[in-house]
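> model this:
(2 chains)
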Amino acid sequence: MNLPIVLLTLLLQVPQLEVAPPRKSSVEGVVLRAETGEPIEDAVVSLASVASEFEVSVTTDPQGRFFFKDLDAATYRLIFESSGYVIHEYGQRAIAGKGTPIDLASGQELKNIVVRLTPTGSVSGRILDDNTKQPVAGMPVRLMRFSYNAEGEKTLLPSGSVRTDDRGEYRLFFITPGRYYLNAGTAPGPSSCWEFQAGPNEVREVYAGAYYPGAADLKFASIVEVQPAAEVRGVDLALTRTQLFKVRGRIIDGTTGLPPIYSELSLTGDYFSSCGLEYKSTLRNGIFEFPDVAPGAYSLAASIGPRERHAGPVPVVVVNRDIDNIVLTLSSGVSISGRVRVEGLNSLAALTNGDYGPGVGLGGSGGYARLNADGTFRIDNVLPGEYNLYAWPKPSELAYIKEARFGPVDVLNEPLRVTADPDSRSLDILLSSNVGTIDGTALSPLGPAPGVQLVLVPDRARHRLNLFKAVMADQNGRFNIPNIVPGDYKLFAWEAIEPYSWFDAEVLARYESRARSIHVGELSRQTIEVRTMQPIP
Amino acid sequence: MSDKGTYLNTIAQMRPVITGMILAILQAFIAATPQQAASATIRGIVVVEGTDNPIAGAELTLTTFKPFNPRYPRQSSAQAVPPVTTDRDGKFVLKSVVAGSYRLTIMRNGFAKQIYGQHVPNGPVPALEVSEGETVENLIIRLRPAGSISGVVRNTSGRSIAGVDVQLLQRVYSETDDRSFSTIASTNTNDRGEYRFYWASPGLYYVRAGNDSQCRLAPDACEQLSKIQTFDRGIETGANPDQADSYRAVYYPGVRDTEKAASIDLQPGAELGAIDFTLERLRYHIRGRVIDSTTGQPPSWAGIDIYEVGGASGIGWYDYTPGELEISNLGPGTYWVRVSVDEPKSGQAPLAAAPAKFVIVDSDIDGVVFTLTPSSIITGRIHVDGDQQAGKSLDDLDVRLVSKTEPSSNRTWFQTKDGDVTLRGIPDGEFRITMPTLPPGFFLKEARLNGVDLLTAPAALQPGTLELVVSSKGGQIDGVVWDDHSHPMPYVQAVLVPNSSDRPELFKNVITDKNGRFRMNAIAPSDYTLFAWEAIELYSWFDPEVLKLYQARGQAVHVTESSRQTLDARMIPAGDAR
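Below you'll find the predicted structure:
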């Protein structure tokens, strides 16, 4: 036989490599009660794929064990729910913190996941009429807590509400442990917004809202602290009977001096009244009336079109009588002109981030404008008020505001004030891309600390929330903080901390002495090691 | 002085004179206007029923009168004068009341709401007539103290369950004679399993507890959030889960059958506690496959109708990716499952499987195969006999199957569109046909399936053609209701009861107007008995036991097609024969 042909035939008969089918994976573990370590039966454990809509749930057995099988390789979030416990995601270090997704490989058998759930607490008490001393029935009672969001704004968030029964008694249960304010009373807001419907035999009674132990103003309220599994009893409150009032006034169009034909008004309550009364009307002589408003603090605003003319928002506080004679003047605002210069970049064009050319804005809905090619801009329709300046692309991405002056005023460190009079001052802004970077490793006593929260806080200018930078350390405890505005900072590294609570001065004060001082120079790059801090309750 | 100057000076001097003249004219005009009609005053006192104890702080509201309409028992109307509140002695005065017809409502927290003149809850209310300049003195209003009903809900292991839906119900008789409940109030148990209904009017109640709402029975039907979405939202709002499990809903003291539910008699001012429940988990499932017999494959989509005998119904959606059907969160019980393809690919006949019955005792049901065939279909048409124009609105009419042997399976299995009728998936059993939502002036004259009458007598259903005839040529009765003293009686109940007890849809009921008159029309030709009651619980005339008490007081009526007759009816006074 011809050898080459034999060889060729043999080569052609090389067997195909078979691709093995992907192997299925499994996840198992146990759910225990925090502190005591008791197993939790009937907890619902859910595995949810991050990339697809796949979800599967199982319940724990009497030994608290759970088992998932026949899973595809993917990244999953593991979520735990059980009646009487705070909801939990695997990897969360603090309540409301970020969890750690699980990367499941093909054929992996992930075992020994141990999760401890924190038991919830309860708050109960009685609400009485402070005049008759009789129980107040059907009155909403709410728990609220202060919370920060990613922008550093502090808001009071409702955290559960119930109504009192006919004995004036209430019970708030399944409460996540924490520090709360308790509020009871008719919700501020028009009667159409109230949280609960009246029963068939019920006459709605209106009581002025108050915070435990009896303050109308949050400043004088006491904290109600709920510990895990705690029953906080006797959180009683006496309320004052009141009535609903009217809020009345007129709108004038500032450009004509006459009432507008049409305008949208809104009366929104603070904190827990997410229901604002939108009162669209063809006004007769520009007169408006909100007929059934419960006592409380509100903001009143009016507008025509999204940005044509505005009035307000003005604060309106309803206490114990009707409010008359409010006059809202719709104005189209003034124009603010200015100019942006850049340092450290070849041109403004370098700031373009995709479709968004560079621009300047006044925070708090003051308006914004794109930059012209020469860096000049004009923001129109700015209503009287105080604003924070911001530029985009956001500082911390490509450039930061190094200097900003509105006439003689340094508006980096002071708010930008606009009046109703046309303003000839120029808003001059200097942008710089000479940012600094920090690389580093977070270390715990046991070595590099993965998943730790690092926050760089400006040393003195704490009011400039956009200077805060928060990152998390990776699996190896390594972290990188890019695009830092040059200046003096303190670096905090927490094992476990509630997200965004670092905007709270009180929280920072507890850890200040153990934070590390860092100076970030223009275009600097430094590598550091930083020790993590245990949470201080 | 120039003339102009003289003229101006003259005007200036005359100005006060002119003003004076104008004022004088105006005053004379006002004096000449006729006096306003003298307004009326209503005075009275509110006391606790059964005592002389006055009730302070009761709120009285006077609204303009609207005749009672049983379809809308709670319609509201405008306030005539601002509401007043009783003083410390329980006394009130309503002033400046213009002559007219009114409704007076009295409420006080802790007492049952009262409408002056109403004898029966949700029943008719005569108008409060006020004449010009009249003073009504000493109106006595008696309020009944409200009561409370409370209890604890536990599971079969004895542990209390949080977040369970609990409802306070009252029995109502509906127009189609289905015994059903109306929800008066609903709440959820707290973490101790406790619930409490307060300020409930005295009366008979039923309580239902359980978490088998539609969304828990078939989560896909309710577009629930994914676990991740629920979790992230929970983190934002601080909400923790209350109860993930489904518990079968039962009526106190723990039964699923509404006929066996125990009534709770709430006396005025009573505190009824320990209305407790022990609930079973809904932990079973029915699993299987669906096959299109014409292709041998699973259909790309199918609609699933699940109905629990004596319980809730829900919709499950068929997930075609794995080709499997799963209905979960079921408890022990009997279920009807119907699978159909309503909108097949073009050119394909609609498909259905006959409704299948499953009995779950203490385990899952797996491995079921639903075979869809084109033949388990009934199609038909609605014809109009008589007024063609008025019969135009044939869309959205319900065609119902009614079974006497299994009344809880009565359902609107049919779909109607533009006068065409379709039933996919023929149930087993013997049924009649009714059409409860015909437009006014029409009655169902004929219902034939493949020629077999389904209007007057039940029969088994076969695939084929359904002919329905809807007629505007019904009989009409005009009448007057009189009391024993020959006074015409306004606002009382007149009811036409069919002699054949098998067709509750033939009943007619109206309320007499203010002259005691009534009219009934679209009456199906048949033999009836006419009754008139001063005060009777709405729809209790469907109850044969109730009718027996009044048999001798009714009047025989024979109705033929397009007949018109005038009748006098004798009213049965309240309190008689009971």
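
> List the residues that contact residue B:104.
B:42, B:60, B:61, B:62, B:115, B:116, B:117, B:128 (C-beta atoms under 8 Å, 6 or more residues apart in numbering or on different chains). All C-beta spots, glycine's among them, are computed from the backbone N, C-alpha and C.

> cutoff 7 Å now
Residues near residue B:104 by C-beta atoms under 7 Å, 6 or more residues apart in numbering or on different chains: B:60, B:62, B:116, B:128.

> Just confirm it is within a strand.
Yes - using DSSP: H, G, I helix; E, B strand; the rest coil, the assignment for residue B:104 is a strand.

> which non-adjacent residue is nearest it?
residue B:116 (4.1 Å; C-beta to C-beta, 6 or more residues apart in numbering or on different chains).

> where along chain A do the helices fall?
In chain A, the helices defined using DSSP state H lie at A:3-12, A:505-511.

> Strands of the stretch 251-400 of chain A, residue ranges please.
A:262-269, A:277-282, A:287-294, A:296-304, A:309-318, A:323-330, A:334-343, A:359-362, A:367-370, A:376-382, A:385-387, A:389-392, A:400-406 (DSSP state E, counting those that start in this stretch).

> Residue A:129 pairs with what?
residue A:239 (DSSP bridges).

> Surely it is in contact with residue A:242?
No - using C-beta atoms under 7 Å, residue A:129 is not in contact with residue A:242, being 11.1 Å away.

> Domains of the chain: list them as residue ranges, please.
You didn't pick a chain, so chain A it is. Domain assignment for chain A by automatic domain parsing gives A:25-117, A:121-239, A:245-330, A:334-432, A:436-531.

> Can you look at chain B instead?
For chain B, the structural domains run B:1-34, B:40-143, B:147-279, B:284-368, B:377-471, B:475-570, going by automatic domain parsing.

> In JSON lines, list those along with mean pLDDT.
Compiled in JSON lines, the domains of chain B are given as follows (pLDDT from 0 to 100):
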{"stretch": "domain B:1-34", "mean pLDDT": "49"}
{"stretch": "domain B:40-143", "mean pLDDT": "85"}
{"stretch": "domain B:147-279", "mean pLDDT": "83"}
{"stretch": "domain B:284-368", "mean pLDDT": "74"}
{"stretch": "domain B:377-471", "mean pLDDT": "81"}
{"stretch": "domain B:475-570", "mean pLDDT": "90"}
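
> Which residue comes closest to the spatially most central residue of chain A once chain neighbours are left out?
When C-alpha atoms, centre = their mean is applied to chain A, the residue found nearest the centroid is residue A:149 (2.6 Å). With sequence-adjacent residues excluded and distances taken as C-beta to C-beta, 6+ apart, residue A:149 is closest to residue A:500, at 6.0 Å.

> how many other residues sit next to that neighbour?
A total of 20 residues lie near residue A:500 under the criterion other C-beta atoms under 10 Å in any protein chain shown.

> List the contacts of it.
Residue A:500 makes contact with A:148, A:149, A:150 under the criterion C-beta under 7 Å, 6+ apart.

> Looking at the domains of chain B, spot the one closest to residue A:224.
Nearest to residue A:224, of all these, is domain B:147-279, at 13.9 Å by C-beta to C-beta.

> Please list the residues of chain B that sit near chain A.
B:59, B:107-109, B:111-113, B:146, B:148, B:162, B:184-185, B:190-191, B:196, B:198-199, B:201, B:226-228, B:231, B:234-235, B:238-244 (C-beta under 7 Å from any C-beta of the partner chain).

> Pull out the buried residues from those.
Taking 16 or more other C-beta atoms under 10 Å in any protein chain shown as the criterion, what is buried in the residues of chain B next to chain A is B:59, B:107-109, B:111-113, B:146, B:148, B:162, B:184-185, B:190-191, B:196, B:198-199, B:201, B:227-228, B:231, B:234-235, B:238, B:240-244.

> Can you flag which of the residues you listed belong to strands?
Under the assignment DSSP state E, those contribute B:59, B:107, B:148, B:184, B:185, B:196, B:198, B:199 to strands.

> re the thing from before, out of the domains of chain B, the one nearest residue A:319 is which?
domain B:40-143 (22.7 Å).

> Which of the three states applies to the residue in the stretch 401-550 of chain B that chain A sits nearest to?
Of all residues in the stretch 401-550 of chain B, the one sitting closest to chain A is residue B:538 (16.7 Å; C-beta to the nearest C-beta). With three-state DSSP as the basis, residue B:538 sits in coil.

> Can you report how many residues lie near it?
For residue B:538, the count of nearby residues is 18 (other C-beta under 10 Å).

> what about it, distance to residue B:182?
Relative to residue B:182, residue B:538 is positioned 11 Å away (C-beta to C-beta, to the nearest Å).

> what does residue A:105 give?
Separation of residue A:105 from residue B:182 (C-beta to C-beta) stands at 57 Å.

> swap in residue A:506?
For residue A:506 relative to residue B:182 (C-beta to C-beta), the value is 53 Å.

> Excluding chain neighbours, give the residue nearest to residue B:472 in space.
residue B:386 (3.4 Å).

> Got phi/psi on the one you found?
phi 120, psi -130 (degrees, to the nearest 10).

> Ends of stretch B:459-470, what's the gap?
End-to-end distance for stretch B:459-470: 20 Å, by C-alpha to C-alpha, to the nearest Å.

> Quick check: buried residues in that stretch?
For stretch B:459-470, the neighbour count (16+ other C-beta under 10 Å) marks B:461, B:463, B:466, B:467, B:468, B:469, B:470 as buried.

> Show me those that map onto strands.
The strands, defined by DSSP E, take in B:466, B:467, B:468, B:469, B:470 from those.

> For the nearest residue to the second one once chain neighbours are set aside, which residues count as its bridge partners?
If the residues on either side of it in the chain are set aside, residue B:467 comes closest to residue B:448, at 4.8 Å by C-beta to C-beta, 6+ apart. The residues listed as beta-bridge partners of residue B:448 by DSSP bridges are residue B:453, residue B:467.

> Residue B:448 and residue B:553: what is the separation?
Taken as C-beta to C-beta, the span from residue B:448 to residue B:553 is 38 Å.

> Show me what residue 145 bridges to in the sheet.
Just going to use chain A. Counting by DSSP bridges, residue A:145 forms beta bridges with residue A:157.

> wrong chain, I was asking about chain B
Legend: beta-bridge partners of residue B:145 under DSSP bridges are residue B:111.

> Contact partners for it?
By C-beta under 7 Å, 6+ apart, the residues touching residue B:145 are B:48, B:110, B:111, B:268, B:269.

> Which of these are buried? Put it as a PyMOL command.
Of the contacts of residue B:145, the buried ones can be selected in PyMOL as follows, counting by 16+ other C-beta under 10 Å:
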select buried, chain B and resi 48+110+111+268+269
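
> With distance to residue B:290 added, can I get the contacts of residue B:145 in CSV?
Formatted as CSV, those follow (distance: C-beta to C-beta, whole Å):
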residue, distance to residue B:290
B:48, 63
B:110, 57
B:111, 57
B:268, 56
B:269, 57
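
> any idea which of the contacts of residue B:145 is the one closest to residue A:169?
residue B:110 (15.4 Å).

> buried ones in stretch B:548-556?
Within stretch B:548-556, the residues that count as buried by 16+ other C-beta under 10 Å are B:550, B:553, B:554.

> In helices, which of those fall?
Using DSSP H, the buried residues of stretch B:548-556 in helices are residue B:550.

> Roughly how far does the residue of the stretch 401-550 of chain B closest to chain A sit from residue B:103?
For residue B:538 relative to residue B:103 (C-beta to C-beta), the value is 18 Å.
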